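Participant: fold the stuff below for me.
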Amino acid sequence: MSLVPPPALPSTDLDATSARRLTEVAAVTAVRRHAGVLAHVYTPTGRRTVAEGRDLTACRLLVGTGGALTRLPGGEEVLGKTEGRPGDHRLLPPADAIVLDHHYMHGRLWGPPHLSRLIWWCRC
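Facilitator: Residues are numbered from 1 along each chain as shown. So this is what the prediction gives:
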């Protein structure tokens, strides 16, 4: 008995819905894991708010790559769910800076250091 691998793209509505939900969880988890947080530090002069980790609010682009984001419908909406919620202290990228890289061109942008600081990648 030989095992048949699953198709590269979902063939049923249930498979597509499941793949989209899994992609959404993976993208939100990835962005939230890499984003820094605002923390309170208590000093002799009083409480100070400091940033710990990577500040993604300064990113001009959030580029999504990978089959699930680029081959399934709704990749922009999936990455749009990575924005912060009211009261969230994470330093997340703005929701209006979302781009999908359908042709895997992201490798060409890693060269110039001034661009790599402005772009953060989310690969799912």
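Participant: confirm that residue 99 sits in a strand.
Facilitator: Yes: with the criterion set as DSSP: H, G, I helix; E, B strand; the rest coil, the secondary structure at residue 99 is a strand.
Participant: for the protein, which spans come out with low pLDDT?
Facilitator: Across the chain, the stretches falling below the confidence threshold (pLDDT under 70) are 1, 6, 84-87, 104, 106-124.
Participant: mind giving me the packing neighbours of the longest helix along it?
Facilitator: Secondary structure assigned by DSSP state H gives helix 13-34 as the longest helix of the chain. Under the contact criterion of 3 or more Cβ pairs under 8 Å, 6 or more residues apart in numbering; DSSP states H and E, helix 13-34 touches helix 67-71, helix 75-80, strand 119-123. (Each C-beta comes from the backbone N, C-alpha and C, glycine too.)
Participant: try it again at 10 Å.
Facilitator: Using 3 or more Cβ pairs under 10 Å, 6 or more residues apart in numbering; DSSP states H and E as the contact test, the elements touching helix 13-34 are strand 61-65, helix 67-71, helix 75-80, strand 119-123.
Participant: using TSV, lay out those together with distance to residue 27.
Facilitator: TSV is the format used below for the helices and strands packed on helix 13-34 (distance: least, Cβ to Cβ, whole Å):
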stretch	distance to residue 27
strand 61-65	7
helix 67-71	7
helix 75-80	5
strand 119-123	5
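Participant: for residue 37, which of those is the nearest?
Facilitator: Each of those was checked against residue 37 via Cβ to Cβ, and the shortest separation belongs to strand 119-123, namely 15.7 Å.
Participant: and of the helices and strands packed on helix 13-34, who's closest to residue 12?
Facilitator: Taking Cβ to Cβ as the measure, the helices and strands packed on helix 13-34 were each checked against residue 12, and helix 67-71 came out nearest at 15.8 Å.
Participant: tell me the buried residues in the closest one?
Facilitator: Along helix 67-71, these residues count as buried under the neighbour rule (16 or more other Cβ atoms under 10 Å): 68, 69.
Participant: contacting residues around it?
Facilitator: Contacting residues not belonging to helix 67-71 are listed as 8-10, 19-20, 22-24, 26-27, 63-64, 75-76, 78-79, 100-104, 122-124 [Cβ atoms under 10 Å, 6 or more residues apart in numbering].
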